[in-house]
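Chemist: Pasting a predicted model and its sequence here:
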Amino acid sequence: MPNQKQKAHSNSASWWTVARSEEVTSKKPLSSDIGNQELVLWRDAAGIARAMEDRCPHRRAPLSRGCVRENGLIQCGYHGWSYDGETGRLREIPNMKSEQRFPPLYKAQSFAVAESGGLVRVCLIPGAVAPVTNAVALPLHGTAHVALAHEHYLSAFFDDPGMLFGMSGVEFTPYLASELKVEAGRLVMERNCQWRGLHWPSSFSSEFPITLLSKTDPVTGETELTLRDDALHELLTAVIAPVPAARGITAIRWRARLASRLDGLRAKRLLIGAPFRVFETVDATALRRLTPSASVQGQDLRAAIIQTSQASAA
Ligand code: FES
C-alpha cells in the first residue's frame, strides 16, 4: 500500500520524470523528489537506473549523501550499510561476521523506474509496470526549478506558455488555433504564434505563420510540444516534464530538438541563441494579472480524465 507521502502524488499509476538520463550515473547518487517523497537515484553495475526512498532504514540518513559502489549497491555514508536498488534489500554491513544474519527489519523502499527518450521516470505505486516506449532522446536538454506550485505551473502553461519557456524568435499569441480537447487521454491544444518583431505587436493580425501544438498528460503535466509552420512542417519539438518538488517548487526536466532542415529566413531565427529554454523565474506581477482562459477548461477536463481512469482501474 502507498504510504501517506506517496498518496499525495500517486493519482493512477503516474510516471513522474525525476531526472534526465545524463544526471543518473554510477559515480554519485542523485537526490530528487516527487512532492514530499524524497528519492535517491543512481545506476547499478548493469547501468540500470534505480530509485529508492532517500532514507537509510538504519538511522534515516539520506542515502544520496552516500556513494555508489563498484558492485552497483548504494552505500549509506553514515555507517556504511549497502542496499540493492532493485529490491531495496540490505546486502552488506561492514565488518559483519559470516555467521551473522541481516536483520529483516532493515529494508529500503525501492520504486519502479522507467527510462526512455533520455528521461528517467519513477512510479510511486509498488509493482507498477513501466510503459513500453521507443522514444528517442532529444539532444538539447536541461533542468529548471521554478518557485511556483505544480498546479499553478500547469495553469500558467494553458493560459500563457510564454511565461514559462521560450523559443528563439517566436512569440506565443493569446489565440488558439484549436480549442483544448482530449485525444488519447491527453489534453491537446494548438496555439497561434508569430515570428517576433515581424508582425508583433499587431494584435489584429489574422495570419499566423506558425503554431505550437501541445499534448499534455492530465496528471503529471508532462507535455510534448511541436512548433510547426503553416505547411505543417515541424520546426522544433520538445518535451517538458514539470514535477512537484519540496516546498512548493516545481522541477522541470526538458529535452528539445530542432528540425534537421529549416526552410526560409524566418525559420532560421530559431538558430539564433538558445532555440529552446525553460525559465527559472516567473514574472509574478504578470502572472497575478493573467486572465484564466484555457486553464479553466483544462481543469475540468483533467478532473474528468482522472476520474474516468480511476473508475476503470477500480
Ligand atoms: S544510518 Fe545508514 S548505515 Fe546507519
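Modeler: Received it, and whenever you're ready, just let me know what you need.
Chemist: Run a quick neighbour tally on the nearest residue in space to residue 125 that is not next to it in sequence.
Modeler: Using Cβ to Cβ, 6 or more residues apart in numbering and skipping residues adjacent in sequence, the residue nearest residue 125 is residue 13, 4.9 Å away. C-betas here are computed from N, CA, C, even on glycine. Residue 13 has 17 neighbours, counted by other Cβ atoms under 10 Å.
Chemist: wait, residue 13 sits on residue 123?
Modeler: Yes - with contacts counted by Cβ atoms under 8 Å, residue 13 reaches residue 123, the gap being 5.5 Å.
Chemist: Number of residues surrounding the nearest residue to residue 103 once chain neighbours are set aside?
Modeler: Distance criterion Cβ to Cβ, 6+ apart; nearest residue to residue 103, sequence neighbours excluded, is residue 90 at 7.8 Å. Using other Cβ under 10 Å, residue 90 has 22 other residues around it.
Chemist: Could you list which residues are in contact with residue 90?
Modeler: With contacts defined as Cβ atoms under 8 Å, 6 or more residues apart in numbering, the neighbours of residue 90 are 57, 81, 82, 83, 102, 103, 106, 107, 108.
Chemist: tell me the pLDDT at the residue of the chain most remote from its centre?
Modeler: Residue farthest from the centre of the chain, counting by Cα atoms, centre = their mean, is residue 99 at 45.7 Å. Looking at residue 99, its pLDDT reads 80.
Chemist: Now it: phi and psi?
Modeler: The phi/psi pair for residue 99 (degrees, to the nearest 10) reads phi -80, psi -10.
Chemist: Now the residue of the stretch 151-300 of the chain found nearest the ligand: closest residue in space, sequence neighbours ignored.
Modeler: Using Cβ to the nearest ligand atom, the closest approach of the stretch 151-300 of the chain to the ligand is made by residue 246 at 20.9 Å. Nearest in space to residue 246, with sequence neighbours left out and distances taken as Cβ to Cβ, 6+ apart, is residue 33 at 5.5 Å.
Chemist: which phi and psi does the spatially closest residue to residue 137 that is not a sequence neighbour have?
Modeler: Leaving aside its sequence neighbours, residue 137 sits nearest to residue 118 (Cβ to Cβ, 6+ apart; 2.8 Å). With angles defined as degrees, to the nearest 10, residue 118 sits at phi 80, psi 10.
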